[in-house]
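Just the structure for this:
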Amino acid sequence: MDDRRIKTKIICTIGPETESFEMLQRMAGAGMNIARLNMSHGDHDWHKHVIKLIKTLNRQVKFPIAILLDTQGPEIRTGHLASDLDLKKGSVISIVVRGESEVEETSIHVDYDDLISSVHAGDKITVDNGLINLEVLEKLERMMRCRVLDGGVLKSKSHVNLPGIRVNLPAITQKDRRDILFGIEHDVDYIALSFVREASDIHQLKELLGDKVGKIKVIAKIEDQEGVSNVNEIIAEVDGVMVARGDLGIEIPIHTVPTVQRKIVRSCSEQGKRVIVATHLLESMISNPIPTRAEVTDVANAVFEEVDAVMLSGETTVGKYPL
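Take a look at the predicted model:
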C-alpha cells in the first residue's frame, strides 16, 4: 500500500496482540504509519524489544513506521484489593488515603495524599474510566464516605478521576521522566505528554529533551477542562495536539466532547500544527469483526475535518481483530 497517498495517518498502539514481528509487518502493510508505545503498560525491556522490531522492519519497508512514546502522566489509582469489590448502586463506601496495605471490605485505598483536601461534599469521583461513579457525602481526616451512583466491579489499581478538580500532581512524574529519557535514548520520533494543562508543562518536557527538541516531535494530550481552556497557548508550544477523548469525556461533560474536538482541530489548523483524534474510534472491534455504523461515521468525520491522524488503542493492543 502506498500509504503516502493517505492524508489522515493511522496510529496503532502496540500490545500483546500485535507485539510480534509478523504482526507488525502485517499492520504496516495494512496502513499503519505510526506505532504507539503506551508507557502505562509494559516495562522498558518490553518497549525496547518492540522498538528493535520496528527498526528492523523499517529497513525492509518503503515507508518507515514512526514511533510515538506516550507518557503515563499524573494519575490517581486505587490500591490493592484482596479480591474484586462489587459496588452496588446506592451503597455507601469509604475512601481511605493510606499506604499499600490492604483495606477493609467496604473501603477503597487511593494513592493521592491530597484527595481529602481536594474534594467537597457533593463532588463526583469517577473510577475505572468512568464506569463507576461516586458522590462525596462527608470528609474526615484521612477518609471520606461516598455514595455509589453507578456501581460495578472494582479491581485493584483502577484509574480515578476527579472531574473539574485540579489534581496537585507534577506535570511530569518521576516515572514519566524515566520514560522520556528512555525514549530519547532509543530515538523515538514523537513524545506525547499526558494531561497537559498549560504551556509551562511543555516547557518542562523541552528542558528534558535538550538538544533533541525539534528532532523528537512534541505532542500535547488534551484531557481535561484546564487543558481545553489553555489550548491555544499550548498549541503554540508544540508540534501537535492529541484530542484524548477517553479521559476528556470523563473530565468534561461528555456531550461537549464533539464541540471541543472541533474547536481543537480548528485551532491546530489555524496555527499550522498537527492534530490527532484518539480513543473509542473502533472500540467495538476489540471483540467484533466489523465496526458499528456510529464508529464508521466517527472516523469519517475525523477525516472530513482533515485531522492529521487517528489513533487506535485497545483495538490493536488486546483486540481480536487488530488488522
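
For the chain, which segments are assigned as helices?
Remark: helices assigned in the chain by DSSP state H are 21-30, 44-58, 115-118, 174-185, 199-209, 225-229, 231-235, 245-251, 257-271, 293-304, 314-317.

now the ones you listed as a markdown table including mean pLDDT, mean neighbour count and distance to I14?
Where C-beta positions appear, they are placed from N, C-alpha and C, glycine not excepted. Output for the helices of the chain, formatted as a markdown table (pLDDT from 0 to 100; neighbours: other C-beta atoms under 10 Å; distance: least, C-beta to C-beta, whole Å):
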| stretch | mean pLDDT | mean neighbour count | distance to I14 |
| --- | --- | --- | --- |
| helix 21-30 | 96 | 16 | 7 |
| helix 44-58 | 98 | 15 | 5 |
| helix 115-118 | 92 | 16 | 33 |
| helix 174-185 | 98 | 17 | 14 |
| helix 199-209 | 98 | 17 | 22 |
| helix 225-229 | 96 | 18 | 26 |
| helix 231-235 | 98 | 19 | 27 |
| helix 245-251 | 93 | 22 | 18 |
| helix 257-271 | 97 | 16 | 25 |
| helix 293-304 | 96 | 14 | 20 |
| helix 314-317 | 95 | 23 | 7 |
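
Y112 contacts G79, correct?
No - contact criterion C-beta atoms under 8 Å: Y112 and G79 do not qualify, at 10.6 Å.

circling back to that earlier point, could I get the helices of the chain as JSON lines with distance to T126?
Putting those into JSON lines (distance: least, C-beta to C-beta, whole Å) gives the following:
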{"stretch": "helix 21-30", "distance to T126": "33"}
{"stretch": "helix 44-58", "distance to T126": "29"}
{"stretch": "helix 115-118", "distance to T126": "13"}
{"stretch": "helix 174-185", "distance to T126": "22"}
{"stretch": "helix 199-209", "distance to T126": "23"}
{"stretch": "helix 225-229", "distance to T126": "14"}
{"stretch": "helix 231-235", "distance to T126": "22"}
{"stretch": "helix 245-251", "distance to T126": "5"}
{"stretch": "helix 257-271", "distance to T126": "15"}
{"stretch": "helix 293-304", "distance to T126": "22"}
{"stretch": "helix 314-317", "distance to T126": "19"}
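
Which among the ones you listed is found nearest to S287?
For S287, the closest of the helices of the chain is helix 314-317, at 9.9 Å, according to C-beta to C-beta.

Against which helices or strands is the closest one packed?
Helix 314-317 sits against strand 9-13, with contacts defined as 3 or more C-beta pairs under 8 Å, 6 or more residues apart in numbering; DSSP states H and E.

and this protein, what are its domains?
3-73+170-317, 76-161 (automatic domain parsing).

Just put the ones you listed in TSV and tack on distance to L323.
As requested, those are exported to TSV (distance: least, C-beta to C-beta, whole Å):
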stretch	distance to L323
domain 3-73+170-317	5
domain 76-161	25
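
between the helices of the chain, which gets nearest to V97?
Comparing the helices of the chain by C-beta to C-beta, helix 115-118 comes nearest, at 5.5 Å.

For K155, see how far away V257 is.
26 Å (C-beta to C-beta, to the nearest Å).

wait, N230 sits on D201?
No - the criterion here is C-beta under 8 Å, and N230 misses it with D201 at 9.4 Å.

Just give the nearest non-adjacent residue to V257, would you?
Distances taken as C-beta to C-beta, 6 or more residues apart in numbering place G249 nearest to V257, at 5.1 Å, with adjacent residues excluded.

With A171 instead?
D201 (3.8 Å).

That neighbour contacts I172, correct?
Yes - assessed by C-beta under 8 Å, D201 is found in contact with I172 at 7.4 Å.

shared neighbours, these two?
Contact criterion C-beta atoms under 8 Å, 6 or more residues apart in numbering; residues shared by D201 and I172: L193.
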